[in-house]
Structure formats: structure tokens, C-alpha cells
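Asker: Would you be able to build a 3D model of this:
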Amino acid sequence: MPESMLEYKGYHAKIYFDARDDIFVGEVFGLNDSLNFHGSNVQELKEMFRQCIDNYLQLCQELGEEPEREFKGNFNIRVQPELHRQLAYNALKEGKSLNQYINESLEQFIANSATVPEQPQAPAEMDAERMSAEQFREKLQKGYDDIEAGRYQVAETIFAQRRK
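Answerer: Sure thing, here's the model as predicted:
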């Protein structure tokens, strides 16, 4: 399902179109709390997202609770015991804590990888923010029709051809 993202006050939401109910649906991610919203068009969806976040922040304030923030800087990860042993051994060899060693390793990995854009951008002809719900449905239906008619290519094949 095509996805896009919205951002407001440091919160992010993934967006998709629900063809059955004929609405755009959004879900704030990175929180333990469940924050969802919907709209019948892009403008309404954006407004409902802003209201969702504002209502969440107001409720937290009324309850005297600190609002949750996404990406707090800690997460759990499961690894194979052998990898855990190797990481711990390497950290020990470098005189670092396991946490410090893994943090530096991840920073190095990201620095050597392709950068992740702040907000993914769809091609203009598929940018849901610039389309009406009807235009979006038409594009989606065209995609389904192309698949049914066999007018598609596997991404791996296209990338392999371009590498040659």
C-alpha cells in the first residue's frame, strides 16, 4: 500500500489510502500510545493530524504527564548469541562498554550508507499531498490494472539491468 509521511511538532505519521472506506488514514509512529486519524481529502487529513497531536499534548498537560516523544535513543534488539559474544569481545578489546561500541558501530555504518531523507518524497505524479482523492484512486487503479494485465517488472530485474 503506498505510504507517505506527515510531520507536526516533532511527531511523524505514516499515511495510506483506505479504498474500502474511501478515506485517507494516518497513524502516528514511534510512540507506545496509539494516535490515529483520518480525512476524506488531503487537506482534511493534515488538519486532523494537527488536531490529533494538539489534543494529545493537551491531554498530557491536563493529566500532568510528560508527552511521549518518538525516537528516545534507546531500543531493544535481539541478536544471535555468537554475535553478542563477538560484539562484547570487540568492545572489551577497545576498552569500551558494549553500549558505546555498538553505538559507534551504528554511527559508522550510517555514515558509510546512503543517507535517509528527512521526509521521503514521492515522484510528483504520485505525491498524495498534491492529488485529490479521486486522482489518487485513479493512479492506484491504474497500478492494479497494470499488474493484472502483466504490465509490470520486478524491481530486482530493473536494477540488475541498470547496473550493466
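Asker: Export stretch 30-42 to CSV, keeping only CA atoms.
Answerer: Only the C-alpha atoms of stretch 30-42 are listed here, as CSV (Å, rounded to 0.1, in the frame of the first residue of the first chain):
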residue,chain,number,x,y,z
GLY,A,30,7.3,5.9,17.3
LEU,A,31,5.1,6.1,20.4
ASN,A,32,3.6,3.5,22.8
ASP,A,33,0.4,5.4,22.7
SER,A,34,-1.9,4.8,19.8
LEU,A,35,-2.7,8.0,17.8
ASN,A,36,-4.8,7.6,14.7
PHE,A,37,-6.7,10.0,12.4
HIS,A,38,-8.4,10.1,9.0
GLY,A,39,-9.7,12.5,6.4
SER,A,40,-11.7,12.4,3.2
ASN,A,41,-9.1,14.6,1.4
VAL,A,42,-5.5,15.6,1.9
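Asker: Show me which residues of that stretch are buried.
Answerer: Of all the residues in stretch 30-42, those buried under the rule 16 or more other C-beta atoms under 10 Å are 31, 35, 37-39, 42. From N, CA and C alone the C-beta is placed, and that goes for glycine too.
Asker: hmm, who's touching that stretch?
Answerer: Outside stretch 30-42, the residues that touch it by C-beta atoms under 8 Å, 6 or more residues apart in numbering are 11-13, 18, 22-28, 45-49, 51-53, 56, 68-71, 128-129, 131-133.
Asker: quick revisit: need the buried residues of stretch 30-42 in JSON lines with distance to N99, pLDDT and secondary structure, can you?
Answerer: As requested, the buried residues of stretch 30-42 are exported to JSON lines (distance: C-beta to C-beta, whole Å; pLDDT from 0 to 100; DSSP: H, G, I helix; E, B strand; the rest coil):
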{"residue": "L31", "distance to N99": "23", "pLDDT": "83", "secondary structure": "coil"}
{"residue": "L35", "distance to N99": "30", "pLDDT": "91", "secondary structure": "coil"}
{"residue": "F37", "distance to N99": "36", "pLDDT": "94", "secondary structure": "strand"}
{"residue": "H38", "distance to N99": "40", "pLDDT": "93", "secondary structure": "strand"}
{"residue": "G39", "distance to N99": "42", "pLDDT": "92", "secondary structure": "strand"}
{"residue": "V42", "distance to N99": "42", "pLDDT": "88", "secondary structure": "helix"}
